[in-house]
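*Asks:* Return a 3D structure for these sequence lines:
(2 chains)
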Amino acid sequence: MKTLIALLCLCASAPAVSPTVLLPGKSPLVTFRFVFLTGSASDPADKPGLANLTCEMLSLSGTKQMTYKQVVDALFPMAVSIESYTDKQMMTFTAETHVDNLEKFYTLFNAMLLEPGWREEDVRRVKDDQINALKITLRGNNDEELAKEELYNLLYAGHPFGHANLGTVSSLEKLTLDDVKAFYKAQLTKGNLIIGLAGGYPADFPARIEKDFSALPKAAPSAAVLPTPPSIEGNSLTIIRKDTRSVAYSLGFSLDVNRGDPDFAALLLMQSYFGQHRESGGRLYQRMRELRGLNYGDYAYIEYFPNGMFSFEPSPNLARHQQIFQIWIRPVEVPTAAFGLKLAMFELDKLVKEGISEEEFQHTRSFIGKQVNLLTKTKSAELGYAIDSEFYGMGNYNANIKKALMSLTRDRVNAAIRRHLRSDNLRIVAVAKDADGLKEKLLSGTATPMTYNSPKVAAVMTEDKAVESWNLRIKEAAIVPVDQVFQ
Amino acid sequence: MAVSKEGTSNMTRTLILLLATVASLPGAGAPKKVFPYAYKQEDLANGLRLVTIPTDYPNLVSLFIVVQTGSRNEVEPGKSGFAHLFEHLMFRGTKQTPPEKYQSVIRIAGAAQNAYTTDDYTAYHTTFSKEDLPQILSLEADRFQHLDYSQDVFKTETLAVLGEYNKNSANPTSKLLETTRARAFQEHTYRHTTMGFLKDIQDFPNEYDYSRQFFDRYYKPEYTTIVVAGDVDPKQVRAMVDKDWSGWKRGSYKAPISAEPPQEGPRTGEVKWPTQTLPWVIVAYRAPAFSDTQNDSAALDALAYLAFSQSSDLYQKLVIQEQKVDAFGVQNGDHVDPYLFGISARLRNVADMDAVNQAVLATVKQFSDTTVDADKLERVKENLRYRFALGLNNSEAIAGTVARFVALKRTPETINRVYDLYASLTPADIQRVAKQYLTERNRTTITLTGPAAVSK
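*Replies:* Take a look at the predicted model:
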């Protein structure tokens, strides 16, 4: 209910007028970040993947005047690339140019967004790439991301967030150029566009952009209505069967807190303590990788963080009114795979029951208070965070987080942990070759002891005894062949 | 950071955020040098080099410690992957600072820290608030001079590296690269990837003594350059480095890296991938080492853009028009020793394998037989200059860029030299390097296909 109210507030405060976020400076670089408040949550029910296809058709195709080859040729000497991505509630186009090339670049960027060429050969290529991103890249080449995306699909079954941003293979195969044109016309309007601009642009440049983009339809389309995500009774396990060396896991549950919520800072601190992304200081990393050598790393999240394999910092403009709590366990060797999952669940249970200590609270608060500055080290990221703050109806992200951290106490963090986290009623997704064998091990309740290549201290061995027999309390389990995922 | 909302103008509610940050990147009237920052380069008596780069990005400092040791230095058989394993071990503490204490200092400082290993070097990088620089430099000095880990900790860390191999192993391109190197090189250590062969990784737990030897050989001041970029004063940085790093003893080891004999004819290889994938082909040619005085490598960089980049005729044909290929790339990565110029393509349909291969070869022949249009070469030069300028958009990116070059030649000046080489390239240079290096004799072709290759 809380999230629905937040959504309504946003709509009420953003009628046909959308904000422009400006960061003028003397840098010879000019950064563009244009965000439409639409995304895959607005895909028609029978056309998952349409928002993403529309987005890619704008950034990777020709314009009315120019073929895609001509666009690429024109961009080449400027060394500019236009990055675009679609999430549930945002569609982002971003680029950075040297001010020497500002006029040439803007003319092109403007035409790509306002006068798309809509050529059949472009949609054929772009659609094929999108299908391959599902079939080959996600299913085939990256078990970690596969588990993570499928976790989202399952947690949001029957909900507008319940399909990957890329869509499904069967839907994409049917999408047509007319579908793309219709989505563009209905969803990419001036009313839901946030224009972000940074760097050494001329003073009158923002007004010019504003005027040019007024060519888009004025009104904002109605945003997707987000029902409460389905509840989960008991722990459930889905194993994706795939010929692979090791076992990757992703697990979690939907969370009733987003960046605009008073408990966000407390949970951000929890996330950092428990599993700061790609940093070695997190509890999961320390207990699973550093102490036991189970895998390459283990992390926790309270906001969507795709492509974690390749990025150290979260991308801005993946803002969502509903988020999940998620644990990412990087691939574990088959013989220790059951123990790995049990250890993560054991640590989650401990976190929920015991919370964090005063010392851990102080260290983590100090970490986030400074680390937050690193998130906006580029102008592009600074723009992105400012746009996200518009979405959540909060002020400057860095200032807000620092202020919220100052008023936090250990007790408030632990109360927030108890209020929002749990160690039961969650979904677990695994990717494994011997899916039946893994299922049997995880469901049987028998001990799955850890083995080491070197001696461990008594405290670890004692803890291992508790972990190896940890009751996973899995009520439901299913095995899915990989070629059925995202189909 | 100050946030102030300005008054509403017409239809637009405008937020003016931070105004104060000003970066002096190359613009009108900027210095001619492509690397626009005034930096200070100094050597300590023990051979350690310090490069300090004040930038205009406020408050933050980025520290890169570059050790000129990578998988190229793994000279003994059975020891592939050791430089990378060592990168992991560097986080296992000293007597004075056990790992928990190290972690706690990094954490309280809110520092973003990581490390990476390449063929030629290993880099340890940390970005943080400027007031923490003395403490972090001191902490790093301690681990570079006094690293100390037990046999047990060593064994545990080897498993984390195996975990890293596992997470990469789902991607067929890892195997493709591994096979290409193993076919293209017979003597030189570029024969193996930085990750190393799986059998060697699985044997790591038995190699504790060798790991100590590896540290004693390479973690020495004469192999190391410290790069500090950001809101810093070079004089103060020098004083900090003198205090903590001048007692580090110089070493004497030089790795006996075998030169690769000339290739005598084309080589091929095939990878059969067990799960569904699109087919791949790599066409790789033996290429010269990075140089900032001879223009062969620079000319091959330009050729890579002319012949195989997004704006090339071949890309347009294979990716955009015929749509036979959905991912197409070229690499002429800078290396200390002669390495490879590689073209890679992911095909939509395995039936096109021969056609794509022939199209690549025809393009290579065209660049050997004819001189390229001078205007096209000028567009590439423009792209290279702007690409470089656009990459320097924060202190961490600046330090990271400098790290790549000091790993090769131990000075940021090499950046300006190599961009001067780019600027002086002529169409004749492009044709000359195509003829000299992109020959049948120098070529290795590797294909990768799945069990029943996906075709549409």
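
*Asks:* From here on, just use CA atoms for contacts and neighbour counts.
*Replies:* Noted.

*Asks:* Under the pLDDT cut-off, which ranges of the stretch 1-150 of chain B? List them.
*Replies:* B:1-31 (pLDDT under 70).

*Asks:* The residue of it found nearest chain A: how many residues sit nearby?
*Replies:* Distances between the stretch 1-150 of chain B and chain A by C-alpha to the nearest C-alpha are smallest at residue B:110, namely 3.7 Å. Number of residues near residue B:110 (other C-alpha atoms under 10 Å in any protein chain shown) recorded here: 25.

*Asks:* same thing with the one 3 residues further on?
*Replies:* Burial measure for residue B:113: 19 neighbouring residues, criterion other C-alpha under 10 Å.

*Asks:* Which residue comes closest to whichever residue of the stretch 201-350 of chain B sits closest to chain A once chain neighbours are left out?
*Replies:* Using C-alpha to the nearest C-alpha, the single residue of the stretch 201-350 of chain B nearest to chain A is residue B:311, 5.3 Å away. Closest residue in space to residue B:311, ignoring its immediate chain neighbours: residue A:73 at 5.3 Å, by C-alpha to C-alpha, 6 or more residues apart in numbering or on different chains.

*Asks:* Angles on the backbone of that neighbour, please.
*Replies:* phi -60, psi -40 (degrees, to the nearest 10).

*Asks:* where do the strands sit along the stretch 301-450 of chain A?
*Replies:* With DSSP state E, counting those that start in this stretch as the criterion, the stretch 301-450 of chain A has strands at A:323-332, A:427-432.

*Asks:* Can you lay out those as a markdown table showing distance to residue B:447 and mean pLDDT?
*Replies:* Output for the strands of the stretch 301-450 of chain A, formatted as a markdown table (distance: least, C-alpha to C-alpha, whole Å; pLDDT from 0 to 100):
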| stretch | distance to residue B:447 | mean pLDDT |
| --- | --- | --- |
| strand A:323-332 | 27 | 97 |
| strand A:427-432 | 27 | 98 |
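
*Asks:* mind checking which of those strands is nearest residue A:341?
*Replies:* strand A:323-332 (7.9 Å; C-alpha to C-alpha).

*Asks:* ok, residue A:21 - how many residues close by?
*Replies:* The number of residues near residue A:21, taken as other C-alpha under 10 Å, comes to 24.

*Asks:* brain fart, residue A:354
*Replies:* 12.

*Asks:* how close does it sit to residue A:414?
*Replies:* 8 Å (C-alpha to C-alpha, to the nearest Å).

*Asks:* what do you get for residue B:156?
*Replies:* For residue B:156 relative to residue A:414 (C-alpha to C-alpha), the value is 32 Å.

*Asks:* Tabulate the strands of the stretch 301-450 of chain A (a markdown table), appending mean neighbour count.
*Replies:* Below are the strands of the stretch 301-450 of chain A laid out as a markdown table (neighbours: other C-alpha atoms under 10 Å in any protein chain shown):
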| stretch | mean neighbour count |
| --- | --- |
| strand A:323-332 | 26 |
| strand A:427-432 | 27 |
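
*Asks:* tell me the average confidence for stretch A:266-286?
*Replies:* The average pLDDT for stretch A:266-286 rounds to 95.

*Asks:* ok, and the closest non-adjacent residue to the closest residue to chain B within the stretch 301-450 of chain A?
*Replies:* As assessed by C-alpha to the nearest C-alpha, chain B sits closest to residue A:367 within the stretch 301-450 of chain A, at 3.7 Å. Spatially, and ignoring its direct neighbours in sequence, residue A:367 is nearest to residue B:110 (3.7 Å; C-alpha to C-alpha, 6+ apart).

*Asks:* Tell me if that neighbour really is in a strand.
*Replies:* No. Per DSSP: H, G, I helix; E, B strand; the rest coil, residue B:110 lies outside any strand segment and is coil.

*Asks:* Thought residue B:131 was touching it, still the case?
*Replies:* No. With contact defined as C-alpha atoms under 8 Å, residue B:110 does not count as touching residue B:131 (11.6 Å).

*Asks:* those strands in chain B, which residues are they?
*Replies:* B:4-5, B:14-16, B:40-43, B:49-54, B:60-67, B:112-117, B:122-129, B:224-230, B:267-272, B:280-286, B:325-331, B:340-347, B:443-449 (DSSP state E).

*Asks:* what about residue A:443, neighbour count?
*Replies:* Neighbours around residue A:443, by other C-alpha under 10 Å: 17.

*Asks:* Surely it is in contact with residue A:476?
*Replies:* No. Counting by C-alpha under 8 Å, residue A:443 stays clear of residue A:476, with 9.3 Å between them.

*Asks:* Quick check: nearest residue in space to whichever residue of the stretch 251-400 of chain B sits closest to chain A, chain neighbours excluded?
*Replies:* Residue nearest to chain A within the stretch 251-400 of chain B (C-alpha to the nearest C-alpha): residue B:383, separated by 4.3 Å. Excluding its sequence neighbours, the residue lying closest to residue B:383 (C-alpha to C-alpha, 6+ apart) is residue A:77, at 4.3 Å.
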